[in-house]
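K.L.:
Give me coordinates for this.
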Amino acid sequence: RANLSGANLEGASLHSSRFAGAWMTNVNLCEAKAQSASFKRATLKGARCSGFSAHETSFREATLNEASFHQAKLYDVEFQDADMTGIQLYHARIQHSKLAGAIMIMANCINSKLDHCSFAKATLTDAKFSRAEITQCLFWDTDLRGCDFREARFRGGDFSRVVLEGARFARAQLNTCDFRGANLKGAKEMTPEQLMHSLTDTKTILPNGKRGPYMKGSGAERG
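P.N.:
Reported below is the predicted structural model:
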């Protein structure tokens, strides 16, 4: 619960450090390294975390509005139920991390690499994932309305029961994405090839509003 608003921790080593409940608005954590640290319920609004590296660290229920994590490297990090509205994750690498229930409205994940992360029941409305590389991530029950997936590269991934109204998919690679039970109604710029390389079933709502599974030549890819 310390007040570290505006503190300069650039390049700091934060091994097993505890910042639970701390007030850290506009803190400078650029190039800092956190190992087994805790920022649970901390307030890091506007934090500068470019080049930040974290391993086995918790940001559960933290406030990270407008924080900047450009080129951050995050492995086995917890963000469950965190408020990450407007967070900047440009060119970040996030692996084996938990973001279930997080609020990530208008998050910027352009050119990021997301590997085996869980976004279950998260709110990602209007988030940007263009040119991102997304490998075997879980998005079930997630709000993905208005998301930008243009030129994103998916390798698998579970999209069960997600809502993708207004999401954009121009030139995205959807290799074996699981859209069974997903609501794709109103999704934009999808192609027959994208849907043919994905999994759909009778519970899938296709871009034109009809039930799946997707059949080539049906025109159901047009939202």
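K.L.:
Please count neighbours and contacts with C-alpha atoms only from this point.
P.N.:
Fine.
K.L.:
give the contact list for Lys216.
P.N.:
Lys216 sits next to 192, 196 when contact means C-alpha atoms under 8 Å, 6 or more residues apart in numbering.
K.L.:
tell me the SS of it?
P.N.:
coil (DSSP: H, G, I helix; E, B strand; the rest coil).
K.L.:
quick one: pLDDT of it?
P.N.:
Lys216 is assigned 89 on the pLDDT scale.
K.L.:
So it versus Arg153, what's the distance?
P.N.:
Counting by C-alpha to C-alpha, to the nearest Å, the gap between Lys216 and Arg153 amounts to 22 Å.
K.L.:
Likewise for Leu184?
P.N.:
18 Å.
K.L.:
wouldn't Ala12 be in contact with Leu29 here?
P.N.:
Yes: with contact defined as C-alpha atoms under 8 Å, Ala12 reaches Leu29; the gap is 7.4 Å.
K.L.:
Pick out whichever of those two has more residues nearby.
P.N.:
Taking other C-alpha atoms under 10 Å, Ala12 and Leu29 do not tie; Leu29 has more neighbours (24 against 15).
K.L.:
if we can go back for a sec, okay, Leu184 and Arg153: which has more neighbours?
P.N.:
Ranked by neighbour count (other C-alpha under 10 Å), Leu184 and Arg153 place Leu184 first, with 28 against 20.
K.L.:
from what I can see that one touches Lys210, true?
P.N.:
No: applying C-alpha under 8 Å, one finds Leu184 not in contact with Lys210, separated by 9.5 Å.
K.L.:
Count the residues that sit near the nearest residue to Phe19 once chain neighbours are set aside.
P.N.:
Excluding the flanking residues, the one nearest Phe19 by C-alpha to C-alpha, 6 or more residues apart in numbering is Phe39, at 4.8 Å. Around Phe39 there are 23 other residues, counting by other C-alpha under 10 Å.
K.L.:
i'd like the first residue to be 6 from this point on
P.N.:
Taking 6 as the first residue, the last one we looked at is Phe44.
K.L.:
dump the residue contacts of Phe44.
P.N.:
By C-alpha under 8 Å, 6+ apart, the residues touching Phe44 are 23-27, 62-65, 67.
K.L.:
Equivalent analysis for Gln199, please.
P.N.:
By C-alpha under 8 Å, 6+ apart, the contact set of Gln199 is 177-180.
K.L.:
Put together CSV for those, with neighbour count, distance to Leu119 and secondary structure on each row.
P.N.:
Putting the contacts of Gln199 into CSV (neighbours: other C-alpha atoms under 10 Å; distance: C-alpha to C-alpha, whole Å; DSSP: H, G, I helix; E, B strand; the rest coil) gives the following:
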residue, neighbour count, distance to Leu119, secondary structure
Ala177, 21, 15, coil
Gln178, 22, 15, strand
Leu179, 24, 15, strand
Asn180, 19, 15, strand
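K.L.:
those strands in the chain, which residues are they?
P.N.:
Secondary structure of the chain (DSSP state E): strands at 18-20, 38-40, 58-60, 78-80, 98-100, 118-120, 138-140, 158-160, 178-180.
K.L.:
Can you lay out those as CSV showing mean pLDDT?
P.N.:
Listed next are the strands of the chain as CSV, based on pLDDT from 0 to 100:
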stretch, mean pLDDT
strand 18-20, 97
strand 38-40, 98
strand 58-60, 98
strand 78-80, 98
strand 98-100, 98
strand 118-120, 98
strand 138-140, 98
strand 158-160, 97
strand 178-180, 94
